[in-house]
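Participant: My questions concern the predicted model and sequence given below.
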Amino acid sequence: MALQGKCAVVTGAALGIGRAITEILMKNGAKVALLDVNQAAGKSLVEVLDKQYGRERTLFLNCDVESEEQIKAAFQKTADTFGGIDILCNNAGILDEKCWERAVSVNLMGVIRGTYLALEHMSKLSGGRGGVIVNTASLAGLGPLPSCPVYTATKHGVVGFTRAMAAASTASGYGIRFNTLCPGFVQTDLYTSIKTNLGQFSDLADATQQMVEQLGVVNMSDVAESVLEMVTDETKNGEACFVSPKERKYVDFPKFMG
Ligand SMILES: NC(=O)C1=CN([C@@H]2O[C@H](COP(=O)(O)OP(=O)(O)OC[C@H]3O[C@@H](n4cnc5c(N)ncnc54)[C@H](O)[C@@H]3O)[C@@H](O)[C@H]2O)C=CC1
Ligand SMILES: CCCCCC(=O)/C=C/C=C\C/C=C\C/C=C\CCCC(=O)O
């Protein structure tokens, strides 16, 4: 899929991984609606992008992925402004083992809310053009992070949900590909605030730091390139892309049928 003129939505776009996804999509020709709860950071990123690419290719929308109403309004505004939606990156996420219900609501339910509402604009069954949805999980979607059981559960949920949606899309003809991004540790605000968000698992902070030392820290550019590949490569559907400091590879899941 060539990105020139394509219309994308990125959640949690103002900072960190979402910002890097936004930048690489724009660099390759897409128009991007940036959805985030951090208005100051979102607007200041849009100013930077507008100087580089022109005002007509970006849109900042204050949107909390915990709110179905806000996501619905943001998708409608994007479609009205850009003329449809071809790409969705459900990326917004938090680490909070204390208020863990909120982590489930943002990380897992936010992805589900975003995906279901996007189908109304993207699915060929509802008059959309089809396209691609990339959901941000984590290496914690593929294996356990002992200091963060709920974070781990949400990310395993994102991987499973995305794979099931890919299969549903193929079976029913949505015309949408679904893939998951699974990076290891990346230097962002979420990463630097790990220690303060572990709740009852705070005693495992040192063990988590040892994991960081063992696994290393992933380059943001490798994370962004992985998303670009999953968006543009039409053969990628139902994939989970694992990104580590040493390699980038698609997960070989066990097969239970045929
Ligand atoms: N930093 C890391 O080591 C890794 C992060 N991830 C995942 O990547 C995604 C992005 O994380 P980072 O960039 O690291 O975090 P970050 O904290 O740097 O950025 C997250 C962005 O999402 C926004 N956001 C938070 N809650 C929101 C909500 N309810 N609605 C809309 N926007 C919201 C924030 O305002 C912020 O702009 C998350 O899903 C995270 O779980 C995955 C693997 C590794
Ligand atoms: C502490 C919270 C960090 C949150 C950011 C994030 O998602 C980072 C995760 C990075 C890696 C750790 C996750 C899970 C570990 C799973 C498997 C380890 C693989 C070890 C092995 O099999 O060799």
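Facilitator: Great, that's in hand. Ligands and ions are numbered 1, 2, ... in the order given.
Participant: Count the neighbours of residue 2 for me.
Facilitator: Residues lying near residue 2 (other Cβ atoms under 10 Å) number 9. The C-beta positions use only the backbone N, C-alpha and C, and glycine is treated the same way.
Participant: Please verify my assumption that it contacts residue 86.
Facilitator: No - Residue 2 lies out of contact with residue 86 (Cβ atoms under 8 Å); the separation is 10.7 Å.
Participant: CA atoms only: put stretch 248-258 into PDB for me.
Facilitator: Extracted in PDB, the C-alpha atoms of stretch 248-258 (Å, rounded to 0.1, in the frame of the first residue of the first chain):
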ATOM      1  CA  ARG A 248      12.900  -7.400  14.000                       C
ATOM      2  CA  LYS A 249      10.900 -10.600  13.300                       C
ATOM      3  CA  TYR A 250       7.400 -11.800  12.800                       C
ATOM      4  CA  VAL A 251       6.200 -14.200  15.500                       C
ATOM      5  CA  ASP A 252       5.800 -17.800  14.500                       C
ATOM      6  CA  PHE A 253       2.700 -18.800  16.400                       C
ATOM      7  CA  PRO A 254       1.700 -22.400  16.900                       C
ATOM      8  CA  LYS A 255      -0.800 -23.700  14.400                       C
ATOM      9  CA  PHE A 256      -3.700 -25.800  15.700                       C
ATOM     10  CA  MET A 257      -5.700 -26.300  12.400                       C
ATOM     11  CA  GLY A 258      -4.600 -27.500   9.000                       C
END
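Participant: buried set for that stretch?
Facilitator: residue 250 (16 or more other Cβ atoms under 10 Å).
Participant: what does that stretch rub up against?
Facilitator: Stretch 248-258 has contacts (Cβ atoms under 8 Å, 6 or more residues apart in numbering) with 142, 163, 182, 222, 225-226, 236, 239-242.
Participant: Now do the same contact list for residue 190.
Facilitator: Residue 190 is in contact with 16, 93-95, counting by Cβ under 8 Å, 6+ apart.
Participant: Oh, that last question was meant for residue 86, not what I typed.
Facilitator: For residue 86, counting by Cβ under 8 Å, 6+ apart, the contacting residues are 1, 6-8, 30, 122, 129-132.
Participant: For stretch 179-188, the averaged confidence score.
Facilitator: Average pLDDT, stretch 179-188: 98.
Participant: now swap in stretch 79-98 and tell me
Facilitator: Computed over stretch 79-98, the mean pLDDT rounds to 98.
Participant: same deal with stretch 153-173?
Facilitator: Mean pLDDT, stretch 153-173: 98.
Participant: Mind listing what's buried along it?
Facilitator: So for stretch 153-173, counting by 16+ other Cβ under 10 Å, buried means 153-159, 161-163, 165-166, 169.
Participant: tell me, which of the residues you listed make contact with ligand 2?
Facilitator: Filtering the buried residues of stretch 153-173 for proximity to ligand 2 by Cβ under 6 Å from any ligand atom leaves nothing.
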